[in-house]
Every structure is written in C-alpha cells, then in structure tokens.
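> Below are the sequence and a predicted model for it; my questions follow.
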Amino acid sequence: MTLPKPSFLKRLTKNINTSKSLRWQYTLKAVGDRLLPGACLLCGLCAAHDIDLCAACEQSLPRLGPHCDICAQPLTRSATCGRCLSKKPSFNTVKAPLLYQYPVDLLLQRFKFKGQLAAGKVLSQLLAKYLKTQIVNGHYTLPDLLIPVPLHWKKRFARGFNQSEEIARELSQQLNIKYCRHTIKRTLNTPAQHHLSRAERQHIPHQTFAPGPASKLLAGANIALVDDVLTTGSTAQALSQRLLKEGAISVEIWLLARTPLDN
Ligand SMILES: [Zn+2]
Ligand SMILES: [Zn+2]
C-alpha cells in the first residue's frame, strides 16, 4: 500500500481548515448582523438592515441597461443581438442585474479569490431582488430547480468552495426554489477562463460535463443554471445542451453580473 505524501496531507488539512474557518466566520457574522446592522462592504458606513451595503453604495452600482433578450449582451436598445439571431443558444435567456464593472468586479474578486462569502451573499441578494421585481411586474415565472455551474473537484478543493454553489444556496433560500449540486459534474479540469484566449475559451470539449448521481431530477424540469459571470457564454452553452440532453425542458442562466461579450 502506498502512503499519501506528507505534503498532500498537509494541503488536505489546510484546505479543510480554511473551508471550516470561512464558514464559521460567516456564521458568526450572520448572527452578529441579526443583532446589529453590519457595515457597508464598500464604504464601511452603517449598512441597511437586510443587506451589507449602505443605500448610497447600493444605488450607485452599475446596473445592466438595455440588453439582448437572450444572452443579455449590453446593447443600445433592448432587442435580440446579431449573434443570437444568427445562432440561437440552447438556453432561453440570461438574467443578470449588474454589469461587471467597478465596484461589482471588486466585490466578485473578494468573494471568489479571497473567500469573502459576505461579498457573494450581497451580490446574490441583489440578484434575488432583481428577479423578485420581474415576478411582481408579471414578466417572469420562476424555474423549478437551481443548478450551480460545477467546478472540477480539484479546483473546488483548492479554493475551498464553489462560488456558484454559494450563490445558488442563497437564491434557493431567498426565492424558495429547490437547489441541487449533484445533477451534473465537471469531469475535465480545464484551465481558468481568464488564462485562455477567446478562441480557447469558446472550445469546450464535449466530455467536459457528465451526469451526476442526482441527474434524475433533471427530467421534465425548468432549470436555472447559476454562475457568477458570463464571458464567452461557451460554458453556459455546453452545460445547457447537456442538461437538455438529460431531459430538462428548458434552461435559463442566472448571473451576478454580465460582461460585454468581447471582454
Ligand atoms: Zn456604502
Ligand atoms: Zn444575444
């Protein structure tokens, strides 16, 4: 029998401890916030009671204006963009309240790369608020099931969490929709998107995703696939195709923020 190398064990312990400690910090903060309003994550002043942002900072966030009704690409007026007209994506629509610009990019980076779960929670709450407004205005019906975009297990292990799962969990509570992270898994560990050229990002090998142990939940379901941002849209496209192949009726994409396609 081969014993694991000491360096591997050291990394394993460090990751488990990091993940636990992040969650503990987050739980303690949540308890504290119930008793006293927290500080705004952007300016440090007193935050509103239901979200860790002050009213001024929340109002000044860059909102997604007119956009493509399918891929949410920012446009000068609401319409279907040329790209979606020439080749309709396999997902029905993209919902995103914010633009990936300062200070949204700052909050997202703190969440994703520094493990500041409170920043992820704030952005998820803003997405939930946006969807609730659309329901009230009669423009929208919620899907049946939330699925976070899966990370390869090695990447999830190295980061200590999957940002899409954190977002989906929060949305599930806020909107009362079922959430499951085991319907689909990532079987290929591709390099981080920001390390790739645009052409490389657009190529997603078809064996990248495979059905997970709970894939039966997909049959007959209207699904919202949850992610932090959308860049080329190729991951969303590949995953939607896979979910439809597994029996989903429809797929839409929910994002914290939208980047222009050419970024
Ligand atoms: Zn503020
Ligand atoms: Zn479009």
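Okay, I see it. Ligands and ions are numbered 1, 2, ... in the order given.

> Going by C-alpha atoms from here, please, whenever you check contacts or count neighbours.
Noted.

> ok, which residues in the stretch 51-200 of the chain are in contact with ligand 2?
Residues of the stretch 51-200 of the chain lying close to ligand 2 by C-alpha under 5 Å from the ion are 68, 70-71, 81, 84.

> Show me which of those are buried.
Using 16 or more other C-alpha atoms under 10 Å as the burial test, these include 68, 70-71, 81 as buried.

> picking that back up, Ile184: which of the residues of the stretch 51-200 of the chain next to ligand 2 is nearest?
Set against Ile184, the nearest of those by C-alpha to C-alpha is Cys71 (22.2 Å).

> how far away is the spatially closest residue to the closest one that is not a sequence neighbour from Gly44?
Distances taken as C-alpha to C-alpha, 6 or more residues apart in numbering place Val94 nearest to Cys71, at 5.2 Å, with adjacent residues excluded. From Val94 across to Gly44, the span is 32 Å (C-alpha to C-alpha, to the nearest Å).

> More neighbours: the two, which one.
Applying other C-alpha atoms under 10 Å to Val94 and Gly44 shows that Val94 carries more neighbours, namely 22 against 12.

> so what's that one bridging to?
Listed beta-bridge partners, Val94: Ile253 (assigned using DSSP bridges).

> so who does Leu98 touch?
Residues near Leu98 by C-alpha atoms under 8 Å, 6 or more residues apart in numbering: 61-64, 104, 256-258.

> Now that the residue nearest to Cys71 has come up, it's in contact with His67, right?
No. Here Val94 does not reach His67: they are 10.0 Å apart, not a contact under C-alpha atoms under 8 Å.

> Point out the residues in the stretch 51-200 of the chain that sit beside ligand 1.
Contact residues (C-alpha under 5 Å from the ion) of the stretch 51-200 of the chain with ligand 1: 54, 57.

> remind me which residues of the stretch 51-200 of the chain are low pLDDT?
191-200 (pLDDT under 70).

> separation between Leu42 and Val122?
For Leu42, the distance to Val122 - C-alpha to C-alpha - is 11 Å.
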